[in-house]
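Peer 1: Following is a predicted model, sequence given first.
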Amino acid sequence: MSADYYTSMIKPMLEGAQMTILLFLIAIVVSIPLGFVLTLAVKSSSKPIAWLAHTYIYVMRGTPLLLQLLVICFGLPMLPVVGEYLVLDRFTAACVGFVLNYAAYFAEIFRGGLISIDKGQYEASQVLGFNKWQTTTRIILPQMFRVVLPSVANESITLIKDTALLYAVAVPELLHFAQTAVNRDFTIMPFFIAAIIYLIMTLLLTLLFKWLERKFKFE
């Protein structure tokens, strides 16, 4: 196979990778703060709010992400009365699905981080005269961030691999163009190239989180 062939094959795959990265960035930027809000809801003194948050997390973590994407893309528009208002373009629907799903996972990660903070930290904050907001922002959250960072890194790497599910809802991402090239040229090489691109993305993400871990003195 000539260099021109590889160039013509890799170019659309790199364009698909841009869609993959865009979805990843949107999902991370939105789902992490939403996950923290869910964590606060779970710990709320209001039982209905805590119950709703627990139920949401259970449902989103207990059902496949692919099923959730299919429901959002194709199921919601079929609902009577309101269905016509829930029609989203495929990429927007996929973003919604990824954000809602990963927010539940990040919520559990943050909850575990908060549980790991010794209760003496809260008592010491009261002795120092900190109010609840100061205790949370200056003492609890920085410690929680250090604790959860490795888990957040692992979940983020999983997220960038899960973006391949866009293929199932007809969003033209990296795997879509790889499959198109395989079907067109009857060669498995595009799959290997797609794997290399995924490995490069996950490597860069891993290096980023390793740097963050060193910055916060994990190593």
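Peer 2: Received, thanks. Residues are numbered from 1 along each chain as shown.
Peer 1: Check the protein for its longest helix and report it.
Peer 2: As assigned by DSSP state H, the longest helix anywhere in the chain is helix 3-42.
Peer 1: Mind listing residues that contact the helix or strand following that helix?
Peer 2: Scanning forward in sequence from helix 3-42 by DSSP states H and E, the next helix or strand is helix 47-62. With contact meaning CB atoms under 8 Å, 6 or more residues apart in numbering, helix 47-62 is reached by 38, 41-44, 68, 100-101, 103-105, 107-108. Bear in mind the C-beta positions are built from the backbone N, C-alpha and C, glycine included.
Peer 1: so what's the backbone phi/psi at Gly129?
Peer 2: phi 90, psi 20 (degrees, to the nearest 10).
Peer 1: Let me know the pLDDT of it.
Peer 2: Gly129 is assigned a pLDDT of 72 by the prediction.
Peer 1: and what of Met1?
Peer 2: pLDDT, read off for Met1, is 59.
Peer 1: Asn154 too?
Peer 2: Confidence score, pLDDT, at Asn154: 93.
Peer 1: just the angle between the helix or strand where it lies and helix 3-42, please?
Peer 2: Asn154 belongs to helix 141-162 when assigned by DSSP H and E. Interaxial angle of helix 141-162 relative to helix 3-42 (axes from the mean of the first three to the mean of the last three CA atoms, to 10 degrees): 140 degrees.
Peer 1: tell me which residues in helix 141-162 are buried?
Peer 2: 141, 144, 146-149, 151-153, 155-157, 159-160, 162 (16 or more other CB atoms under 10 Å).
Peer 1: quick check, nearest of those to Gly75?
Peer 2: Asp162 (19.4 Å; CB to CB).
Peer 1: which residues does the closest one contact?
Peer 2: Leu65, Phe98.
Peer 1: what about it, distance to Leu69?
Peer 2: Distance, Asp162 to Leu69, using CB to CB, to the nearest Å: 10 Å.
Peer 1: same deal with Leu166?
Peer 2: 8 Å.
Peer 1: Find residues that contact each of those two.
Peer 2: What both Leu166 and Leu69 touch, as defined by CB under 8 Å, 6+ apart, is the set Ala94.
Peer 1: Can you report how many residues neighbour Ile57?
Peer 2: 21 (other CB atoms under 10 Å).
Peer 1: Sorry, wrong one. I was asking about Asp118.
Peer 2: 9.
Peer 1: Please apply the same query to the one 10 residues further on.
Peer 2: Here the number of neighbours of Leu128 (other CB under 10 Å) works out to 11.
Peer 1: Dihedrals phi and psi, it?
Peer 2: Taking degrees, to the nearest 10 as the convention, Leu128 sits at phi -80, psi 0.
Peer 1: Could you check how far it is from Asp118?
Peer 2: 15 Å.
Peer 1: picking that back up, now do the buried residues in the longest helix of the chain.
Peer 2: Neighbour-count burial for helix 3-42 [16+ other CB under 10 Å]: 9-10, 12-13, 16-17, 19-20, 23-24, 26-28, 30-32, 34-36, 38-42.
Peer 1: Packing partners of it?
Peer 2: helix 47-62, helix 90-116, helix 141-162, helix 174-185, helix 189-215 (3 or more CB pairs under 8 Å, 6 or more residues apart in numbering; DSSP states H and E).
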